[in-house]
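Next one to model:
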Amino acid sequence: MHNELTKKDIEKMQEEMEYRIGVLRPKILEEVKFARSHGDLSENFEYKAAKQERGKNESRIRFLRNMIKTAVIISDESEADAVGLYDKVTYYIEEDDEEETVQIVTTMRHDALSNIVSKESPLGKALFGKKLGDRVTVTADNGFSYDVVIRKIEKGKDDGTLGIRAY
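Purely as a prediction, here's the structure:
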């Protein structure tokens with residue numbers, strides 16, 4: 001599966017990767033060397049912690065490289081009256097008689113706890129490309145579904161404030 005990402009997503013991932021390779025990797029390697037110099041490695045917590053940190057950093061670098069290599073670049077532009085990337089969408093959940101607002105983003109920017117959802121999520125898929133007043137069915141992975149009505153679309157753009165998700 002290829003992740004659909006914007007040019008800005010790729011740039012942010014490249015920046016993080018360059019930081020991890022150019023700044024963090026040498027710093028962590030020095031910490032490993034320093035901790036190793038303390039002697040008995042079998043009981044050396046600092047050494048184990050430094051090696052674990054090195055492993056996390058290398059894993060993140062591999063993850064970022066893979067994401068960049070396999071990404072499909074998409075545009076963040078959309079029709080003026082349709083839900084697109086970075087738009088805030090207010091929708092009405094008929095079943096619960098409530099309104100909620102979410103922002104639609106790429107898979108590398110989502111943060112469900114902050115109502116920032118990926119366009120690949122069940123809710124994102126249902127809302128993406130739809131227009132004001134449209135009634136859509138959201139189908140969750142477990143087969144549960146519910147209907148929502150789009151009540152408001154606030155056009156947005158990537159201002160660079162949304163970070164790249166950790167994993």
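
Can you give the domain ranges for the protein?
4-73, 88-154 (automatic domain parsing).

now the first one: mean pLDDT?
In this case it means domain 4-73. Average pLDDT, domain 4-73: 90.

Helix or strand next in line after the lengthiest helix in the chain, which one?
Using DSSP state H to define each element, the chain has its longest helix at helix 45-70. Proceeding C-terminally, helix 45-70 gives way to strand 72-73 as the next helix or strand, assigned by DSSP states H and E.

Work out the sheet partners of that next one and label each with its direction, please.
strand 4-5 (parallel) (DSSP bridges).

surely Ile116 meets Thr107?
No - in this structure, Ile116 is not within contact of Thr107 by CB atoms under 8 Å, at 11.3 Å. C-beta coordinates here come from the backbone N, C-alpha and C atoms, glycine included.

Where does Asp147 sit, in terms of helix or strand?
Judged by DSSP H and E, Asp147 forms part of strand 145-154.

so how far is that strand off the chain centroid?
22 Å (CA atoms, centre = their mean, to the nearest Å).

ok, that strand: who's next to it in the sheet?
strand 88-93 (antiparallel), strand 135-139 (antiparallel).
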